[in-house]
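Asks: Just the structure for this:
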Amino acid sequence: MLKTKKSFFERVTGASSVDTNSLREREPSMPIYAEEEETEMVMNTGGSSNMGGGHRNFNVFEEEAAFSNDAEGQLTIDVYQTEGEIVIKSTIAGVKPEDLDVSINNDMVTIKGERKNEEMVSGENYYYQECYWGVFSRSVVLPVDIISDKAEASLKNGILTIRLPKADVTKIKKIQVRGF
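Replies: Numbering: from 1, shown residues only. Okay, here's the model as predicted:
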């Protein structure tokens, strides 16, 4: 028997390699369950779609709608530095400046807000639904110390820009020692 070396992932998780050719021959299925009910659904690993045997069809829109009602969206961001500041940028189209909350706590910046959909459309009328509507947030741990009192945030053309001046940690401040 030929012995093969396990990958890092296999060693960490305890998983083992599977021959994909043998999987295609057998087309095994893995049962998954909907959270709201105990109905068994089948996820096929092969190419054919065999949903027979009394199993419920899996509707992506229903599952995403149920998930999105409880979930909070996460912003995509860019964080970079210039010589004197840390800059955070994020695309936040469709949100008014007064609907955003940017807070700085120690070495973390948190951006919170809500994108409101003004038009109500039922799920079956969508062809694609990729835009996120609802509450979102994102927290970023800052890589350097900043002067939070001089931080600025602006929203222009749907792009939020937060400028955080770096604290000068190389500057030496002498203090006088008082005697009593």
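
Asks: Listing partners with orientation, what would you give for the one helix or strand Thr161 maps to?
Replies: Element membership for Thr161, per DSSP states H and E: strand 159-165. Note on strand 159-165: by DSSP bridges, its sheet partners are strand 85-91 (antiparallel), strand 152-156 (antiparallel).

Asks: CSV for those strands, including mean pLDDT?
Replies: Formatted as CSV, the strands paired with strand 159-165 follow (pLDDT from 0 to 100):
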stretch, mean pLDDT
strand 85-91, 94
strand 152-156, 94
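
Asks: what about the strands in this protein?
Replies: Assigned by DSSP state E, the chain shows strands spanning 29-33, 40-44, 73-74, 77-81, 85-91, 100-105, 108-115, 134-141, 152-156, 159-165.

Asks: Can you flag the weakest of these by average pLDDT?
Replies: Per-stretch mean pLDDT for the strands of the chain is lowest at strand 40-44 (a mean of 49).

Asks: Dig out what Glu85 forms beta bridges with.
Replies: Using DSSP bridges, the bridge partners assigned to Glu85 are Pro165.

Asks: Am I right that it is in contact with Lys166?
Replies: Yes. In this structure, Glu85 is within contact of Lys166 by CB atoms under 8 Å, at 5.8 Å. Backbone N, C-alpha and C define where each C-beta goes, glycine included.

Asks: Before I go, just wanted to say thanks for your time.
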